[in-house]
Structure formats: C-alpha cells, structure tokens
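Novice: Kindly return the folded structure for what I paste below:
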Amino acid sequence: MEINTCTITEDILTFYVGTLCDPQEKIGEAFDQLEHAIGSFDGRKIYGVAQLEGTEMTYKACVKESRPGEGAELGLPYHTIPKGDYLYTVLNNWQSNMQLFRPYFQQLMEHPDAKPYSFTLEDYFSSDDVKLLLLHK
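Specialist: Alright, predicted model coming up:
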C-alpha cells in the first residue's frame, strides 16, 4: 500500500445521511438513502466520513451541494470537510475490496505523520476507485 500526501485547498460543503459504522451494511443503506434523495450520483462528488462521536463510531454518506441550499431543501444536515493536508492511499476496485477499508485506514492511522484521533475521509473519485484520507499532523 502506497501512502502519499495531498492538500484540500478549500473547505467542502456537503450534506449527508448519517448512520453507525457497524454493522457495515448500514453504510450502504445510508448511501442508498442519499442517492434516492438526490435522484442520482451521476456527475456528483461523493464522500464518506467516519468519526468517533461520544462512544460510537458514526458514518456520514455525503454529497457536495450542486447549488446553494440543496441540502436544506431536502431536509438533510450539513457537514463541512475541512481544507488541509492529508495522508492518503487509493483503493482500486473498491466494491470488490470492501474488506480492505479497515486495514488500509489502520495503516494510515499508524503512519508517523497522521494526526491522532482524526476522522477518516473517503473520496469516491470514480465509480471504481476511492481515495482514503486522514488528516496530516
């Protein structure tokens, strides 16, 4: 697994459908609900954000707004992905490699430049590939 660095130069405003991370099937259901709400993921920027909230690991299936107020019109909450420096790796053919998400993120978290207790970020930049990101110190 190759680990690289990248910079997100601007905050990314998204809206989302949230769930718990376990069981993992709930994450797929959250994306299904989000896609149903917006009609289609075609041409949209899709993200996943997992973070510890209290004692539970939560997950947000996110989509970048296509126009101001879109999330509010749909009655969905907002989440801002912060700009900054990130460590990342790419998971190819992610739908056939779902079992690799946790070990890949674990390797990112163990990297000496990883920011401790950071949220995890998934950038679904194509239908087959996902960039797995973690904040850089």
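Novice: residue ranges of the helices in this protein, please?
Specialist: Listed in chain order, the helices of the chain (DSSP state H) span 25-38, 70-73, 101-110.
Novice: Of all those, which one comes closest to C62?
Specialist: helix 25-38 (7.8 Å; C-beta to C-beta). For every residue, glycine as well, the C-beta is placed using N, CA and C.
Novice: Who are the contact partners of the spatially most central residue of the chain?
Specialist: Nearest residue to the geometric centre of the chain (C-alpha atoms, centre = their mean): G48, 2.0 Å. Residues near G48 by C-beta atoms under 8 Å, 6 or more residues apart in numbering: 27, 31, 59-62, 120-122, 124.
Novice: any low-confidence regions in this protein?
Specialist: Along the chain, segments meeting pLDDT under 70 are nowhere present.
Novice: With adjacent residues omitted, what lies nearest to D128?
Specialist: Nearest non-adjacent residue to D128, counting by C-beta to C-beta, 6 or more residues apart in numbering: N93, 5.5 Å away.
Novice: Wait, L135 touches Y86, no?
Specialist: Yes - judged on C-beta atoms under 8 Å, L135 makes contact with Y86 at a distance of 6.0 Å.
Novice: neighbour-wise, which of these two wins?
Specialist: Shown here are L135 and Y86; by other C-beta atoms under 10 Å, Y86 has more neighbours (24 against 20).
Novice: Would you check that that one makes contact with L121?
Specialist: Yes - the pair Y86 / L121 is scored as a contact, 7.1 Å apart, by C-beta under 8 Å.
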